[in-house]
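Student: coordinates only, sequence not included:
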């Protein structure tokens, strides 16, 4: 196992050169928050990640969570690591200041989250879920609920969970059956929830479950789902001290392909005492307000696990001697061009993912923190990015962690090597928090078709500008830039085809969605890599920065344009073929 | 878990329509061997696969092989299943008749092997390795060795293993260090071998290890490696009865990502008694003579595990209710276009793999059984196919088993569902028996560059003919056939680029190899799918066969042309970009 070291210079490059972190903070009126602070925060997080969380990653895999009569028992060592995180104030970075948060920009907490998920994805899911609960409460809870629950969720003294899925209600939440019956000012919640991440553990004195359920008078479908808070332990009258145990409990744990350190619970609510969040029947709408954050968060996991797998494979490639030169000297496998091709694939794509994930987070900041006339446009852009961040980054994380296994040859298949764990862990990412198909339908439907492609057009226009300026500055060889032009052209072709045919062919959106999303991922990733190259070249030309580091950015950008971006064509071709061959068989012919 | 059922009609279609099994048998003078017999053999194998091997597949995963003082203990039930296979004569299908084999064509045993590996890949590795040992002995052993070892290996009373890899000698076998010292007529073998599949077990009374080692006077490198037989139990003087235990033994088992039912042993040879196979220093050459069979065999595993994963996903897609139509009726997820897209991807690609694997086997038959003036050409074609069968089918099996997980949504990540096992099992396939890079280097170097592209040209010319005839008969929509034309054009473009630049750019072959191999895989798979469509259309036009089945062939061929074949473009673009961006970073810049 190699040690994990956060690639802080890559994060800094994206924050400074692509996001424009200083300008963002200034526009948002965040005094004293700038690149210097960001670098300090990221560096400190990197130390905690490398020193505390990363060494527990394989432990979590081998000694996953267990369940007994006292509830779910987390991996040994996790509780102490969690305490270090809370003591360092790491869980409150971008939470609201009035409840004890630090009010930092989202993009900075995204940079930090990359570290937690690289270091220990299974562990880091626990604070990720808390973050979701915090946002739901902060946006939709009454003052009373906020005052009672937010401070301890934000400090990390308590953790939060999201209870959405039921055995018959997965992607289709309209089928939720859990019930909530009024009981005085409160409610009694009953039902079974599955796939509940960190649904129980012993790391904190309380766990705050957010639960979707139906009131007795609720309409059918998605418009009859309400959101409730159900604490594991009830509180005394002043809402500060935990008293008796609520009836919400973990029945069993799933036996999973990966993220063994993260307990995935079947939760049983039996007339559990709960409190309504916001208005009745608005639960699904409330979930949607957190969706950009949650989905982008999972996209970051895709980045993180790919970066971790890359570091492991890179170390192996440098250490493993195999093959002989003509002069008889033996060489490490990193000298073999195909190993280098695989490493470049992971490295360049991970850089593109990081750029995309940070840019998407920054758009949320521009919408929320900067505000003003452009806020709606920034939110629309963020919402356009979200399904790409989630869908594209996580799909690619499966491929990239697989390449990291391949670089190890036979050793990659041996569990002790560690590469297999990343490959197994990554496989959940295109599934949870909305499958790839759900992301793709969101992108092609709500984010494109419903606005006539206008939001996408805005993005494509910015890409045009980059293509032109990159060509003027000859930042990359012409052939590499031609790939970007080609990707832009097919992006428009696909958009036009969708807009023209979606209402004619009822199966088109569903048939085309994933290819559309992947295509947009490659062109957007490529765009950001070309921008990286522009910035790197400008710095090099100005004699600023570390030339070795900046030169490498030119190479990874070129590689991405030559090796990854050309995939747009296959996705576009499949998309333009329409739905006929997809829908051509009867069920019996499968 | 769904039950596995061999898709016998698909196998029959390939054997009859693409391979031309009857004509092959007639040309080879194999009396009484024809499609009717083949169907019977395949059907019976299917019963054994479904009824006996498939139910043990998950057992093998959960109760994998263990090791104790008595040696390696296989999964409970495996021994009895193995006995049923030997009693049915299943292990001797294409072994030489003079030693008790049945002398059937290779392509028929390939059709049968598909079944074993779909039913239980970890288990079926044991007879697959025996097959390799049988071939090595049959081709290179003395009469004495053949008479002593072949009959019981062929009957399955004994199993065989291949001991090549050492800790410092993986892809680079030149680094083999194991030693062989003469001891009378025999040798004493010493060394450590790793990754030895089925290196020990208790299913048979003896195990025959084939071991690569160096004689004392051996030259360095690949030209100093000899091949030895080292039996687990020594034989009495008439070579029939096992006597004392040889010193060859399994030291430990690897803890692997998948194929838990297959014991992967570290083998220790300590002055173990062994016998030289053939001439000294020819070991690696002998290994190469078996390579087509062994590598094609692993390619078939890619087909098999994809087919098994497909059947599981198909069943889930038909059973799982999720989503509601406008009329309020709930639907199974197979009605969702994206689920259908994923199922079509697995189904059509698995059909292409099957066609390719069978065609490649049949070329070995044409070279060996038919002989005559064309034998060399058929062998050259078989050798061209081999790295594509191995490299392309196994790379795709990782993607297809991953899609089968995805179709299951959250349930795919739960081990009990069974989809995750196929995904884990498949991951070894692009690694063992020569990694994807090794296959690709073989294709681009020995199989293409070394003959100036002539063998590939022969194949591409046949593809031209198919493209023309398919267009004449309008078997598929013009746009689908245009994809085939485009794939053919880029295949030639890549070939020309390689031939023109390989000697100029020392890094080109290594940089381009995997993209070249994948590109050739898509165009060859597409070619066979277009041929399938031609045959299906001809039968439909003639009013022959089952129209539902044949109509489906037209749809899967079209889907493959529209969705899978277009990937040729991305591979070609990356290939044509050359080696600069791949080799552009220093080791320190990674």
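Tutor: Now that the structure is in, tell me what you want to look at. Everything numeric in this text was worked out from a predicted model, so none of it was measured.
Student: how many other residues sit next to whatever residue of the stretch 151-300 of chain A ends up closest to chain B?
Tutor: Closest to chain B within the stretch 151-300 of chain A is residue A:257: 4.1 Å, counting by CB to the nearest CB. C-beta coordinates here come from the backbone N, C-alpha and C atoms, glycine included. Neighbour count for residue A:257, taken as other CB atoms under 10 Å in any protein chain shown: 23.
Student: ok, and the closest non-adjacent residue to it?
Tutor: Nearest residue to residue A:257, sequence neighbours excluded (CB to CB, 6 or more residues apart in numbering or on different chains): residue B:420, at 4.1 Å.
Student: Where does that neighbour sit, in terms of helix or strand?
Tutor: Using DSSP states H and E, residue B:420 sits within helix B:419-426.
Student: what pLDDT, on average, does that helix get?
Tutor: For helix B:419-426, mean pLDDT is 98.
Student: could you give the angle of that helix to helix A:419-426?
Tutor: If you take axes from the mean of the first three to the mean of the last three CA atoms, to 10 degrees, helix B:419-426 sits at 150 degrees to helix A:419-426.
Student: Heading C-terminal from helix B:419-426, find the next helix or strand.
Tutor: Using DSSP H and E, the helix or strand that follows helix B:419-426 in sequence is helix B:436-444.
Student: Touching the helix or strand following that next one from outside, list them.
Tutor: As assigned by DSSP H and E, the chain's next helix or strand after helix B:436-444 is helix B:454-472. The contact list for helix B:454-472, computed with CB atoms under 8 Å, 6 or more residues apart in numbering or on different chains, reads B:377, B:380-381, B:383-384, B:447-448, B:476, B:478, B:481, B:484-485, B:488, B:491-492, B:495, B:520, B:523-524, B:527, B:530-531, B:533-534.
Student: The helix or strand that helix B:454-472 is followed by: which residues count as buried?
Tutor: Later in the chain than helix B:454-472, the nearest helix or strand by DSSP H and E is helix B:478-501. Neighbour counts over helix B:478-501 (16 or more other CB atoms under 10 Å in any protein chain shown) mark B:480-481, B:483-484, B:486-488, B:490-491, B:494-495, B:497-498 as buried.
Student: need the residues you listed in CSV with distance to residue B:439, can you?
Tutor: Shown next, in CSV, are those (distance: CB to CB, whole Å):
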residue, distance to residue B:439
B:480, 28
B:481, 29
B:483, 25
B:484, 24
B:486, 24
B:487, 20
B:488, 22
B:490, 20
B:491, 17
B:494, 16
B:495, 17
B:497, 20
B:498, 16
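Student: from those residues, which are also near chain A?
Tutor: Residues of the buried residues of helix B:478-501 in contact with chain A (CB under 8 Å from any CB of the partner chain): B:480, B:483.
Student: got TSV for the buried residues of helix B:478-501, with pLDDT too?
Tutor: Shown next, in TSV, are those (pLDDT from 0 to 100):
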residue	pLDDT
B:480	97
B:481	98
B:483	98
B:484	98
B:486	98
B:487	98
B:488	98
B:490	98
B:491	98
B:494	98
B:495	98
B:497	98
B:498	98
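Student: Quick one: end-to-end distance for stretch A:220-234.
Tutor: Terminal residues of stretch A:220-234 are spaced 31 Å apart (CA to CA, to the nearest Å).
Student: How far does that stretch sit from its chain's centre?
Tutor: 24 Å (CA atoms, centre = their mean, to the nearest Å).
Student: Give the buried residues for that stretch.
Tutor: Result for stretch A:220-234 [16+ other CB under 10 Å]: buried residues A:222, A:224, A:225, A:226, A:227, A:228, A:229, A:230, A:231, A:232, A:233, A:234.
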